[in-house]
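In: missing the sequence, but the structure's below:
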């Protein structure tokens, strides 16, 4: 499988603190990589660097052999990044939020497809409610429903995607990540939870690169 992401000598600094240094990894199509480490060690910072949302103190991130900073448009067209906190409009329903998120990202998604995605993630009973009344887990699911509509985006970077999900939703999400890898995509995710996958799972411990 071709190498999708190549990270070399990456360092991350927040204020005066160096979180990690000389971090390296490669990720090929079909691979699943779990990022681990205690809170505050730089998991989210690493994922944001890999997604091109912040700049490293040193080192480089390459996507399909080219630096991501030199191909922002094509890189982000191939990327789906979901942060830990769902970016929702509290006044809109789950369906309205999902359709808006897809349209903003340039992903064509019909109302029928969005309804099916929300049903798969367990929100069939909350379709018409404003997101302001949803629980933390339900709000999280609204954002995760995008995964069912983003198969064309080959690289998925997910920050704690299994947080606040019940057993059924965890199984459904794990199966979705497996299917994406089987289809030639690649997934990087952080998680404190041990989740079973069919795809062999690699692990990167951010603490092993602590400064």
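Out: Here it is on my side, so go on. As the structure is a computational prediction, the values presented were derived from the model and not from experiment. Residues are numbered from 1 along each chain as shown.
In: Shouldn't residue 46 be within a helix?
Out: Yes. According to DSSP: H, G, I helix; E, B strand; the rest coil, residue 46 belongs to a helix.
In: wait, isn't it in contact with residue 23?
Out: Yes. Here residue 46 lies in contact with residue 23, judged by C-beta atoms under 8 Å, at a distance of 7.1 Å. To be clear about C-beta, it is placed using only N, CA and C from the backbone, and glycine gets the same treatment.
In: Next up, the contacts around residue 151.
Out: Taking C-beta atoms under 8 Å, 6 or more residues apart in numbering as the criterion, residue 151 is in contact with 180, 183, 185.
In: May I see those residues arranged in TSV, with pLDDT, neighbour count and distance to residue 40 as well?
Out: TSV is the format used below for these (pLDDT from 0 to 100; neighbours: other C-beta atoms under 10 Å; distance: C-beta to C-beta, whole Å):
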residue	pLDDT	neighbour count	distance to residue 40
180	96	23	29
183	95	11	35
185	96	23	30
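In: how about stretch 2-11: buried residues?
Out: Buried residues in stretch 2-11, counting neighbours by 16 or more other C-beta atoms under 10 Å, are found at 4, 5, 6, 7, 10, 11.
In: Redo these as CSV? Include pLDDT, distance to residue 189 and secondary structure.
Out: Shown next, in CSV, are these (pLDDT from 0 to 100; distance: C-beta to C-beta, whole Å; DSSP: H, G, I helix; E, B strand; the rest coil):
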residue, pLDDT, distance to residue 189, secondary structure
4, 94, 15, strand
5, 96, 13, strand
6, 96, 19, strand
7, 97, 16, strand
10, 96, 18, strand
11, 96, 22, strand
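In: out of the contacts of residue 151, which one sits closest to residue 66?
Out: Set against residue 66, the nearest of the contacts of residue 151 by C-beta to C-beta is residue 185 (18.6 Å).
In: what's the closest non-adjacent residue to that closest one?
Out: Among residues not flanking residue 185 along the chain, residue 154 sits closest, at 4.8 Å (C-beta to C-beta, 6 or more residues apart in numbering).
In: I'd say the one you found and residue 184 touch.
Out: Yes. Assessed by C-beta under 8 Å, residue 154 is found in contact with residue 184 at 7.0 Å.
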